[in-house]
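# the following comprises the amino acid sequence and a computationally predicted model.
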Amino acid sequence: MKTKEFIEKVEALGYEVSCSWGTIYIKRATVTIVSLGYTEEWDMDTDYTGFETCSWSDKKELMKIVCEYILTDPTDREEEKRYRLRLDVPAMKRGFGWAEYYLNKHKEANMFQLASDVGSASWQTIFTESEIAEMDITGFEKIEVTP
């Protein structure tokens with residue numbers, strides 16, 4: 001389970017989630033219920049008054065999600081970084097003027113083009129690390145896209 005999905009599921013149950021110093025804290029009304037290691041395996045602590053006062057059914061629902069998350073390998077918890085691929089060949093840039101051009105891939109036709117805008121729904125403009133690993137991106141600079 002990805003961390004983003006974990007947080008969404010926990011918050012859907014009415015809890016708050018915060019991260020600090022490699023630890024995820026699950027709280028209700030600022031009272032800590034459970035903490036777990038963000039990058040560690042099997043690191044979970046329920047020794048909080050907030051957990052003690054939760055009903056059995058609340059604990060059961062929360063622990064289903066927590067257990068699924070801690071059973072996920074820490075390396076699989078994060079989303080892949082995403083990038084736009086900016087043209088970075090000075091000789092070619094001169095012909096395009098001052099605009100910055102990015103690689104776009106047609107989703108159905110598997111064709112590529114350079115464009116200065118984001119494109120349309122039929123064009124992929126952001127690529128993951130694994131997609132880039134399968135491409136020859138010579139002449140392009142990876143520009144990280146934050147979610």
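The structure has been received and is ready for your questions.
# neighbours around the closest residue in space to residue 123 that isn't next to it in sequence, how many?
Closest residue in space to residue 123, ignoring its immediate chain neighbours: residue 104 at 4.4 Å, by Cβ to Cβ, 6 or more residues apart in numbering. Yep, even glycine has a C-beta here, placed from its N, CA and C like the rest. For residue 104, the neighbour count with other Cβ atoms under 10 Å is 22.
# also residue 116?
Using other Cβ under 10 Å, residue 116 has 13 neighbouring residues.
# the closest residue to it other than its chain neighbours in helix, strand or coil?
Distances taken as Cβ to Cβ, 6+ apart put residue 99 closest to residue 116, at 4.2 Å, once the chain neighbours are dropped. What DSSP: H, G, I helix; E, B strand; the rest coil gives for residue 99 is coil.
# okay, and the helix or strand of the protein with the least pLDDT?
The helix or strand of the chain with the poorest confidence is helix 90-96; it has a mean of 60 (mean pLDDT, DSSP states H and E).
# state the distance from the residue nearest to residue 123 to residue 62.
Remark: distance between residue 104 and residue 62 (Cβ to Cβ, to the nearest Å) = 43 Å.
# neighbours around residue 48, how many?
Residue 48 has 17 nearby residues by other Cβ under 10 Å.
# what pairs with the residue nearest to it when sequence neighbours are not counted across the strands?
Among residues not flanking residue 48 along the chain, residue 32 sits closest, at 4.7 Å (Cβ to Cβ, 6+ apart). Note on residue 32: beta-bridge partners by DSSP bridges are residue 27.
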